[in-house]
Each structure stands twice: as structure tokens, then as C-alpha cells.
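**Q** could you look at this predicted model? Sequence included:
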Amino acid sequence: MSLILQESVPCPSEGQKERLYLYDTTLRDGQQTQGVQFSVSEKVQIAQALDALGVDHIEGGWPGANPTDSDFFAARPRTRATFTAFGMTKRAGRSAANDDVLAAVMNAGTPAVCLVGKAHDFHVTTALGIGLEENLGCIRESVAHLVAQGREALFDAEHFFDGFKANPAYALECLRAAHEAGARWIVLCDTNGGTLPEEIGRIVRAVIAAGISGDRLGIHCHDDTGNAVAGSLAAVDAGVRQVQGTLNGLGERCGNANLTTLIPTLLLKEPYASRFETGVSRAALAGLVRTSRMLDDILNRVPNRAAPYVGASAFAHKAGLHASAILKDPATYEHIDPALVGNTRVIPMSNQAGQSNLRARLAAAGIEVPAGDPRLARILEVVKEREDQGFAYDGAQASFELLARAELGLLPQFFEVKRYRVTVERRKNRYDRMVSVSEAVVVVKIGDRKVLSVSESMDETGTDRGPVNALAKALAKDLGPYQASIADMKLVDFKVRITQGGTEAVTRVIIDSEDGQGRRWSTVGVSANIVDASFSALLDAITWKLIRDGGAA
């Protein structure tokens with residue numbers, strides 16, 4: 001078979017945008033990530049967030065493959081997005097109507113069904129152990145069965161790019177079998193993640209030239225070479241009109257194409273922004289950081305600070321030259337306004353900082369100090385002195401802000417800690433097992449009133465969470481007029497580093513906190529005692545939160 005490569009895809013008429021469809025597979029392919037297993041309630045929460053974001057299809061899992069996926073389809077929420085069940089084409093030797101695995105997928109009752117089938121001759125003969133024509137029959141009959149039942153049919157062409165490179169004629173026959181049977185979408189899968197963007201673009205153009213229109217094609221890339229996003233964009237450039245991926249790039253091995261990178265690129269970057277429209281509104285895009293972090297919270301993972309668009313460091317400017325330029329015009333070192341995706345600009349402070357960094361960081365906190373003010377030099381001096389002692393303000397912006405406010409006379413004193421005590425006891429529980437239990441006592445003075453709070457580290461499951469957890473619970477137990485402000489505050493990460501060795505070891509603790517508005521902030525504490533360092537960081541975290549919420553001292 002000879003193929004004529006189509007070098008370009010016709011552009012829409014002037015002023016008219018083409019529709020690009022987003023297909024999320026976080027709940028199915030994302031669950032293939034090592035160490036990830038969603039509960040039914042977590043799947044519901046993620047599905048609702050995806051629907052609010054504006055994706056077009058939500059692939060919920062493989063009904064019948066495990067109890068959780070089956071239970072989830074029974075409890076799935078009502079969504080604007082098209083719910084999709086995932087399964088495989090019928091097995092050889094039986095009809096589509098009598099295949100119990102296919103029946104379980106159909107019985108989920110979703111308006112759309114995506115079936116995976118082999119598109120690489122090597123996998124057909126080796127993995128499935130059947131003939132090439134028989135595989136084509138399985139694809140054709142399975143898709144026709146979906147269409148006859150009134151479902152939107154998607155065919156997942158597994159190993160398509162490897163199959164095309166090995167035997168292009170057969171790989172195309174697999175696509176045609178699905179296409180002729182009525183598949184709405186034919187998804188080209190780079191299952192092993194080894195196909196580079198240029199290859200993807202070239203092969204997609206060949207598929208279109210062979211007679212399958214781009215508005216019937218999807219792309220599904222894995223990130224084994226770090227090119228899943230680039231490969232997806234290459235496929236869009238070549239003509240596909242459905243893009244598949246996962247939140248935060250979850251997925252088997254190295255993950256899938258990351259929708260938290262793809263979505264803002266498609267909405268904000270040319271030529272995509274002018275050429276295409278998606279179901280994601282600008283308002284929904286502004287919640288992208290919060291959606292990304294929600295998933296990390298569910299997984300109990302620390303967010304990737306360096307993630308494009310949504311990472312905490314994505315708009316961080318440490319070099320003095322950069323900070324100086326940012327003050328004049330943010331576009332000098334920022335490719336987009338961070339607020340468009342719900343992120344914020346960060347001007348880190350460290351012993352490398354100059355006054356440009358300092359003034360920019362203070363301005364971001366709402367503190368205006370004129371250039372040349374002698375207090376600026378004093379703040380920089382204190383930062384350098386404290387970093388010599390083991391503090392690190394580069395990764396603890398909230399603690400830096402409190403330090404600067406103190407030097408500027410702008411730090412309110414909401415409460416005073418008079419004393420605290422932590423004890424750790426090793427004892428037998430009611431099941432006659434040895435457990436550790438930490439108990440903390442904190443005495444604070446709020447105005448003229450002293451308050452004593454006691455808390456232990458045991459959670460509702462009977463698990464000991466340690467002395468720092470007990471301290472945090474005791475400190476936040478009763479802060480009088482400030483209690484409502486800290487009610488939605490939680491600790492999301494806790495990092496410890498020993499900055500010196502030997503008998504003079506110093507412990508640095510950095511705590512990441514988050515509130516109900518999705519704000520995250522980092523604080524630092526340093527001491528020879530890990531509990532004392534932790535308590536110092538906790539105090540900073542609460543104080544920063546009270547300042548941000550406009551608390552009156």
C-alpha cells in the first residue's frame with residue numbers, strides 16, 4: 001500500500017475556532033501509577049473536579065476488573081462530561097454478545113465505551129496468539145456491538161505507533177476496522193512511550209492521508225521519554241482533535257501526558273489559543289492549581305514544585321537581576337500571568353538576595369518600602385545572619401515575611417506562648433500491643449487571658465502521629481478570637497534536615513501549610529532540638545495565616 005503524507009492540515013476560516021476535545025483518564029490509566037489506589041469516594045471527588053474543570057470525557061475505570069471500579073460506576077456522580085467505561089474488544093472464539101468481560105463493561109451503563117485492541121501485528125500473534133484477520137474481526141464486531149447498543153464508541157489502538165513503524169498496512173487496517181464499524185473516536189496510542197514528537201506528527205499525517213479524518217482521531221501518549229506533552233501537541237498540529245491525558249501526569253511507569261500542562265498550553269499559547277476552543281473556560285483555568293493540589297492531597301503526595309504552570313516554583317524569581325526586571329514588568333521573566341492558572345509569583349529570599357528581590361517580595365506581601373530605605377539593608381543583614389545559623393528562607397517565604405515585618409515594626413502579636421511541654425510514652429494498648437503515644441501541653445496568653453491546651457498524637461484510627469502532631473493539635477485547640485481563622489488550616493508537608501554534623505548538629509524544619517481557600521505557605525524553624533524547631537515553624541505558620549486573614553492583635 002502506498003501512502004501520501006499530508007504535510008499540513010487546513011486551517012479553519014478566519015475568526016472560526018476548531019473544537020478540541022479533552023479526554024481524562026486519571027481514574028483509569030492514572031490508577032495504574034505505582035502506589036496509587038483510589039477509593040470510591042475519592043474517585044467521585046476527582047470526577048466532580050474534572051467536570052468542573054471542563055473536560056469532555058471522564059474515563060472512570062474498567063467495570064468488572066475490580067470491585068472498586070464496579071462500585072464507582074454504580075455511584076458515579078451526574079456530570080456534564082461524558083462518562084466513559086473502559087474495557088477490551090471481545091475475545092477470539094466468542095461473539096461480542098456472549099463475551100462476559102465485554103458485557104460487564106456494557107452493564108456499567110455509561111453513554112460512552114472505550115475498548116482497547118491490538119494494532120501491532122507482533123502483539124496480535126505473540127501476546128494474543130491469534131491470526132491477524134481474526135484480530136480485525138474482534139475489533140470490527142466489538143465496535144459494531146457498542147454502536148448497536150446506542151453507545152458512543154471509542155477504539156483504543158494499543159501500540160499503534162510501534163505497530164505502524166513495524167507494519168503500517170496492518171496498523172491502518174486495525175483503524176479502518178473500527179472506523180467502518182462506526183467508532184466515533186479512534187485513539188492512536190503510544191503505549192510504550194518511546195515515539196518522539198516528530199515521528200508522531202509524521203505518522204498522524206499518514207493516517208489522515210490514508211482516509212481517516214482528524215476529527216475522528218485522538219492521541220494517547222505516555223511519558224517514558226519525557227515527551228508526552230510534546231507528542232500530544234505534535235499530534236494536534238498534525239490533525240487529531242481529541243487529546244487524552246491525566247491530572248499531574250499520573251500513569252503507568254513514567255506517567256501519561258499531563259493535562260495540567262497541556263490545558264493551559266492549549267488555552268494560552270499560540271497557535272493553539274487562536275485556533276482551538278475547548279470545554280475549559282478561563283474561570284475554570286484559574287482553578288487549575290487548586291485542582292492539581294487536590295489530587296496530591298488525596299494521594300498524600302508533596303506537589304512537584306517544579307511542575308510547569310502549577311508548581312510552587314513555576315513563577316519563582318531568585319536571581320537579583322530577574323527580580324529587578326520583574327518589578328518593572330513581569331513579562332520580562334514570566335511567560336504568562338501566574339494568576340491565569342491560579343498560581344502566584346514568588347520572589348525567594350536567601351543570602352544571595354539583593355534589594356530588588358527584597359522590595360519585590362515585600363510588595364507581593366502588600367508591603368511597600370521605598371528604594372534606599374535603610375531598613376532594607378537591615379533586613380538583608382538579618383536574613384544572611386540567620387541563614388548562617390541554618391535558616392533557609394528560599395523555601396520558607398511566609399517565615400521571611402514575618403521576619404521582615406518584625407524589622408519594619410509591622411508584626412502584630414496575636415498571642416504569646418508562655419510554655420509548652422511534650423512527652424512521649426511507650427505503653428501497651430487495650431489489645432496488649434506496645435504503642436507510642438505523644439502528649440503536648442501548650443500555655444498561651446491571649447490578651448489578659450491564659451489558656452492551657454492539652455492534646456495527644458493518637459488519631460481516630462489509633463495511629464500515633466508523633467510529638468509534632470500533638471503540639472500542632474494543642475496549639476490550635478483554643479486560640480480564642482482567632483480560632484475561626486485557623487479552623488481550615490492543615491499541615492500538608494513536613495521536612496527535616498540536619499544542617500551540621502557531630503555534637504553541634506542543627507535541625508532545620510520546614511512546614512508546608514494549606515487552608516480552605518487553597519493557599520499554601522511554607523515556614524521554617526531551626527534549633528538543636530527537632531521539637532523546638534518544629535514548634536517555631538508551627539508558630540510562624542499560624543501567625544502568617546492570621547495576618548493574611550486580617551486578624552487584629
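**A** That came through, no problem. Just so it is clear, the model here is predicted, and its values are computed rather than measured. Numbers count the residues shown, from 1 in each chain.
**Q** in this structure, what helix or strand scores lowest on average pLDDT?
**A** In the chain, no helix or strand scores lower on mean pLDDT, DSSP states H and E than helix 320-328, which sits at a mean of 63.
**Q** what about the strands in the stretch 451-553 of the chain?
**A** Using DSSP state E, counting those that start in this stretch, the strands assigned to the stretch 451-553 of the chain run over residues 490-498, 507-514, 520-527.
**Q** low-scoring stretches of this structure, by residue?
**A** Scanning the chain for pLDDT under 70 picks out the ranges 1-15, 318-324, 326-327, 348-354, 459-462, 464, 500-504, 552-553.
**Q** contacting residues around stretch 65-79?
**A** Residues from elsewhere that reach stretch 65-79 (Cβ atoms under 8 Å, 6 or more residues apart in numbering): 27-28, 37-40, 43-44, 47-48, 51, 58, 60-64, 83, 85, 104, 108-110. For the C-beta atoms, the positions are set from N, CA and C on the backbone; glycine is no exception.
**Q** list buried residues within the residues you listed.
**A** 27-28, 38, 40, 43-44, 47, 51, 58, 60-64, 83, 85, 104, 108, 110 (16 or more other Cβ atoms under 10 Å).
**Q** can you tell me which of the residues you listed are in helices?
**A** Here DSSP state H is the test, and the buried ones among the contacts of stretch 65-79 give Val40, Lys43, Val44, Ala47, Asp51, Ala104 as lying in helices.
**Q** farthest-apart pair in those residues, please.
**A** Asp51 and Ala104 (24.4 Å; Cβ to Cβ).
**Q** for the residue lying farthest from the centre of the chain, phi and psi?
**A** Most distant from the centre of the chain: Asp448, at 45.3 Å, with distances by Cα atoms, centre = their mean. The phi/psi pair for Asp448 (degrees, to the nearest 10) reads phi -100, psi 10.
**Q** against Asn300, how distant is Tyr272?
**A** From Tyr272 across to Asn300, the span is 34 Å (Cβ to Cβ, to the nearest Å).
**Q** these two: which is more packed in?
**A** Just comparing Tyr272 and Asn300: by other Cβ atoms under 10 Å the higher neighbour count belongs to Tyr272, 19 against 9.
**Q** could you find the closest non-adjacent residue to that one?
**A** Leu266 (4.6 Å; Cβ to Cβ, 6 or more residues apart in numbering).
**Q** what about that neighbour, neighbour count?
**A** Number of residues near Leu266 (other Cβ under 10 Å) recorded here: 22.
**Q** shouldn't it be within a helix?
**A** Yes: checked against DSSP: H, G, I helix; E, B strand; the rest coil, Leu266 lies within a helix.
**Q** that one contacts Ser274, doesn't it?
**A** No: counting by Cβ atoms under 8 Å, Leu266 does not reach Ser274; the two are 11.1 Å apart.
**Q** state the distance from Thr191 to Gly245.
**A** For Thr191 relative to Gly245 (Cβ to Cβ), the value is 14 Å.
**Q** do Thr261 as well
**A** From Thr261 to Gly245 the distance is 9 Å (Cβ to Cβ).
**Q** let me see the contact set for the nearest residue to Arg497 once chain neighbours are set aside.
**A** Among residues not flanking Arg497 along the chain, Arg508 sits closest, at 4.8 Å (Cβ to Cβ, 6+ apart). Applying Cβ under 8 Å, 6+ apart, we find Arg508 in contact with Gly390, Phe391, Ala392, Val496, Arg497, Ile498, Thr499, Val524, Gly525, Val526, Ala533.
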